[in-house]
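Asks: structure, please.
(one chain, ligands or ions: 2)
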Amino acid sequence: MSSNESAQRYFNQAADIMGLSQNMRTLLSTPLREVKVQIALEMDDGQIATFIGFRIQHDSARGPMKGGLRYHPEVDADEVLALASLMTWKTAVVNIPYGGAKGGIAIDPSKYSQREIERITRKFVDEIHDVIGPDKDIPAPDMGTNSQTMAWIMNQYEKYHGFNPACVTGKPVELHGADGREEATGRGVAVVTQAALERMKRSVTGATLAIQGFGNVGSYAARILHEMGAKIVAVSDQHGGIYNDNGIDIPALLKHASQTGSVKEFQDCKNISNAELLAANVDVLIPAALGGVLTKENAKDVRAKLIVEAANNPTTPDADAVFEKNNILVVPDILANAGGVTVSYFEWVQNRQHFKWELSEVRKRLEKIMTESFDRVWKISGEKNVPLRTAAYVLGIGRVGRATVLAGI
Ligand SMILES: NC(=O)C1=CN([C@@H]2O[C@H](COP(=O)(O)OP(=O)(O)OC[C@H]3O[C@@H](n4cnc5c(N)ncnc54)[C@H](OP(=O)(O)O)[C@@H]3O)[C@@H](O)[C@H]2O)C=CC1
Ligand SMILES: O=C(O)CCC(=O)C(=O)O
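Replies: Ligands and ions are numbered 1, 2, ... in the order given. Sure, this is the predicted structure:
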């Protein structure tokens, strides 16, 4: 099943509960615009290289479209469309005034120099600058991109349109970025992990965790949950994972990963595979890397009682059905990782007001939105007797559907 078929299946599960008409389903799931561009340029060695870039704008009923930009070899139109639709429901679940979009370039950034990545990024902006902008569609970081990428996007966009830092979020703090955006997705994941454990009558203190992915989201989730008293026993990146029954020293691991480029070969830990990490004997499993990692084949091996989807689309519908049958609670991506886009919204607001918020203000507002959104989804799940994922889609689709009908077409 493709990424988009999987996202569509989840959409339909909620649409069935809501009794949504076929016409409305078609309207809400058809993207507004799909842009696919050629990015051709001369590389450092003088050779010509050609890449394909995508920006898919899914829905704008609730405001300008919003979503990250992914640099990864597996990026294709199907995956970007799935991720764009998730953004539509995600911004609605946390009730921020945006629609949904996503973009990406099919590239392995680790194989290119910084100068090359910069030129590729600028060339991509040359191709899409007329369809993005602070009132149209606002990119942000995702896998393989970071605040430096966003700085290049802003600078290139401004060459066409003049000063406009709100055209992109996740920028460096020194260049119109918001304090707290870099940690935001991981912090939001930590907040909902704590909330879900509380509902399970468990405390985050002493709870055992396995985290797949130690990039922006995984490493901040690990750091913040470690500070909250959780015991992180397993962590991985694309090279493999590490395990320590007594809990991993996360501050020391952050240093080790930044020095060596990987979590592997860390003190007092045994090396494990990513497959072993997903099946680790822990209370909480946090996938924070690629999509589609929890499948029909490995779902039965998952021993965690709670899965918090920090990654987008990590669970296939077949795996989701196994988790429901096995009473494993799943906090879905469109709720669990919404902290990133929430603080992107705060950055956009600050840029437009030319007024900077304190970090404490950002964190307080983020925590409030994540907690209230979790409570709301939990309530719908109880009232309708459906899993949290379906409840989150019911909330998101309901808000987008009402905005669409009120505005008219
Ligand atoms: N950044 C954000 O604000 C948001 C991100 N997300 C989602 O979170 C997830 C992670 O994004 P982000 O942290 O930004 O990305 P990063 O690029 O910062 O980090 C990705 C991490 O995943 C690891 N990884 C890559 N491939 C594999 C693999 N095959 N098996 C195990 N680990 C792998 C990478 O390993 P290595 O370091 O070795 O390359 C790295 O540790 C994505 O699904 C993204 O869509 C969701 C909401 C917002
Ligand atoms: O911060 C943003 O605007 C979007 C982040 C993102 O791509 C996501 O939530 O998946």
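
Asks: for Ser203, see how far away the nearest residue to Ile409 once chain neighbours are set aside is.
Replies: Using C-beta to C-beta, 6 or more residues apart in numbering and skipping the chain neighbours, the partner closest in space to Ile409 is Leu27 (7.7 Å). Just so you know, the C-beta spots here come from the backbone N, C-alpha and C atoms, and that holds for glycine as well. The gap separating Leu27 from Ser203 is 44 Å, by C-beta to C-beta, to the nearest Å.

Asks: swap in Val131?
Replies: Taking C-beta to C-beta, one finds Val131 at 47 Å from Ser203.

Asks: hang on, the earlier thing: the residue nearest to Ile409 is in what secondary structure piece?
Replies: Using DSSP states H and E, Leu27 sits in helix 22-29.

Asks: in the stretch 1-150 of the chain, which spans are helices?
Replies: 3-18, 22-29, 77-93, 114-128, 147-161 (DSSP state H, counting those that start in this stretch).

Asks: deepest-packed of the ones you listed, please.
Replies: Mean neighbour count (mean count of other C-beta atoms under 10 Å) peaks for helix 77-93 among those, with a mean of 27.

Asks: can you name every helix or strand that it contacts?
Replies: helix 3-18, strand 33-42, strand 48-59, strand 65-72, strand 100-106, helix 333-336, helix 339-353, helix 388-407 (3 or more C-beta pairs under 8 Å, 6 or more residues apart in numbering; DSSP states H and E).

Asks: is Leu254 in a helix, a strand, or coil?
Replies: helix (DSSP: H, G, I helix; E, B strand; the rest coil).

Asks: and it, what does it touch?
Replies: For Leu254, the contacting residues are 219, 223, by C-beta atoms under 8 Å, 6 or more residues apart in numbering.

Asks: that one and Ala196: what is the separation?
Replies: Counting by C-beta to C-beta - Leu254 and Ala196 are separated by 25 Å.

Asks: then Pro172?
Replies: Distance from Pro172 to Ala196, by C-beta to C-beta: 33 Å.

Asks: between those two, which is the more surrounded one?
Replies: Between Pro172 and Ala196, counted using other C-beta atoms under 10 Å, Ala196 has the larger neighbour count: 24 against 15.

Asks: for the residue of the chain found nearest ligand 2, name its beta-bridge partners.
Replies: For the chain and ligand 2, the shortest gap (C-beta to the nearest ligand atom) falls at Gly68, measuring 2.5 Å. In this entry, Gly68 is beta-bridged to Ala140, by DSSP bridges.

Asks: can you check the one 4 residues further on too?
Replies: Beta-bridge pairing of His72 under DSSP bridges involves Ala106.

Asks: need the helices and strands packed on helix 77-93 in TSV with mean pLDDT and distance to Lys300, can you?
Replies: Listed next are these as TSV, based on pLDDT from 0 to 100; distance: least, C-beta to C-beta, whole Å:
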stretch	mean pLDDT	distance to Lys300
helix 3-18	97	19
strand 33-42	97	37
strand 48-59	98	33
strand 65-72	98	28
strand 100-106	98	31
helix 333-336	98	21
helix 339-353	98	30
helix 388-407	98	19
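
Asks: any chance of the helices of the stretch 1-150 of the chain in TSV, with distance to ligand 1 too?
Replies: Below are the helices of the stretch 1-150 of the chain laid out as TSV (distance: least, C-beta to the nearest ligand atom, whole Å):
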stretch	distance to ligand 1
helix 3-18	11
helix 22-29	20
helix 77-93	7
helix 114-128	13
helix 147-161	10
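
Asks: now the ones you listed in CSV, with distance to Asp249?
Replies: What follows is those, written out as CSV (distance: least, C-beta to C-beta, whole Å):
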stretch, distance to Asp249
helix 3-18, 36
helix 22-29, 46
helix 77-93, 33
helix 114-128, 31
helix 147-161, 27
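
Asks: and of those helices, who's closest to Ala40?
Replies: Closest approach to Ala40 among these (C-beta to C-beta): helix 114-128, 7.6 Å.

Asks: output stretch 164-179 as CSV - backbone C-alpha positions only.
Replies: C-alpha atoms of stretch 164-179 as CSV (Å, rounded to 0.1, in the frame of the first residue of the first chain):
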residue,chain,number,x,y,z
ASN,A,164,9.5,39.0,4.0
PRO,A,165,10.7,36.6,6.8
ALA,A,166,7.2,35.2,7.3
CYS,A,167,7.6,33.4,3.9
VAL,A,168,9.2,30.4,5.7
THR,A,169,9.5,29.1,9.3
GLY,A,170,12.1,27.2,11.2
LYS,A,171,14.7,29.8,10.4
PRO,A,172,17.8,30.4,12.5
VAL,A,173,17.1,32.3,15.7
GLU,A,174,19.6,34.9,14.6
LEU,A,175,17.7,35.4,11.4
HIS,A,176,14.0,36.0,12.3
GLY,A,177,13.6,32.5,13.7
ALA,A,178,11.6,31.8,16.8
ASP,A,179,13.2,30.7,20.1
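
Asks: roughly how far is it from the heart of the chain?
Replies: Its chain's average C-alpha position is 18 Å from that of stretch 164-179, according to C-alpha atoms, centre = their mean, to the nearest Å.
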